[in-house]
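Participant: Let's see this in three dimensions:
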Amino acid sequence: MENQTRNQYKVMELCLLAGKIMLQSGAETYRVEDTMMRIASSFGIQESHSYVTPTGIIFSIEGEPPKTKLIRVTERTTDLVKVAKVNSISRKISSEELTLDEAYESLKKIEFSSHYYPFWMQVVAAAVASGCFLIMFKGEWRDFIPAMFAGGFGLISVTYFHRIVPIKFFAEFLAAFIIGLLSFLFIKMGFGFQLDKIIIGSVMPLVPGLLITNAVRDLMAGHLVSGLSKGAEAFLTAFAIGSGIAVVLSFM
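Facilitator: Take a look at the predicted model:
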């Protein structure tokens, strides 16, 4: 009996670790819950329940006595490689290719791994994407370079300000303000010609596209709390970007 209880606690820790990695990396709520319950089922626990919100995970196992644990999730980012790797481990567990201890060690390695591109490459990608978005929104090619500079500097700004003030709203507001100011200066100096197109293209790397997509998918899957909270977070980001640009335009 004692060994069974100990094994159930180890399964619970494994499920919570998998759910934590996925939630922190940008996975949808229903995907996190489904993965946790599939892992528990693969280790012989048929009666398990998971409840996931953007800021926490509750996981319980039926039994005598029932076991429940809560973990908090404070930092969330986008790392879909980690989501894919956790899903791969879940499939290996289901096919009995991994033991409990091996799966836990594999998840620990994934948790502490990093798949981000170098920061300079992220800045270059944001700059090129800004210029391409300008063209997509029917801007002129002569505004391509100003949009690149504004978009690249916008990503540098949001990263820098987020390190100083760990509140996304203020970091995004200040980054959007700088983008608007740079775009206005480019127009004044004669390097840019269509202010609206330059601004629209430059702020696109800041738009929370994955967050909006996950909010809609969670709502469609019936996870109303997670869907609405992610939607509210996306709205705050959009409001911060719009407010930063509006402040610049109000002084023109």
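Participant: And the helix or strand residue 234 falls within, what's buried?
Facilitator: Using DSSP states H and E, residue 234 sits within helix 224-250. Residues of helix 224-250 classed as buried under the neighbour-count rule (16 or more other CB atoms under 10 Å) are 226-227, 229-231, 233-234, 237-238, 240-241, 244-245, 248. For glycine as for every other residue, the C-beta is placed from the backbone atoms N, C-alpha and C.
Participant: tell me the two of these that are most distant?
Facilitator: Within the buried residues of helix 224-250, 226 and 248 form the most distant pair, 34.2 Å apart (CB to CB).
Participant: can you list the domain ranges for the chain.
Facilitator: Annotated domains of the chain cover 2-111, 119-250 [automatic domain parsing].
Participant: Surely residue 49 touches residue 59?
Facilitator: Yes. Under the criterion of CB atoms under 8 Å, residue 49 makes contact with residue 59 at 7.3 Å.
Participant: quick one, which of these two is more surrounded?
Facilitator: The neighbour comparison of residue 49 against residue 59 (other CB atoms under 10 Å) goes to residue 59, with 24 against 15.
Participant: Surely the more buried one and residue 69 touch.
Facilitator: Yes. If you go by CB under 8 Å, residue 59 and residue 69 touch, sitting 5.9 Å apart.
Participant: quick one: common contacting residues for those two?
Facilitator: Common neighbours of residue 59 and residue 69, counting by CB atoms under 8 Å, 6 or more residues apart in numbering, are 12, 16.
Participant: Next one: the residue lying closest to residue 225 once chain neighbours are set aside from residue 221, what distance?
Facilitator: Distances taken as CB to CB, 6 or more residues apart in numbering place residue 53 nearest to residue 225, at 5.8 Å, with adjacent residues excluded. Distance, residue 53 to residue 221, by CB to CB, to the nearest Å: 14 Å.
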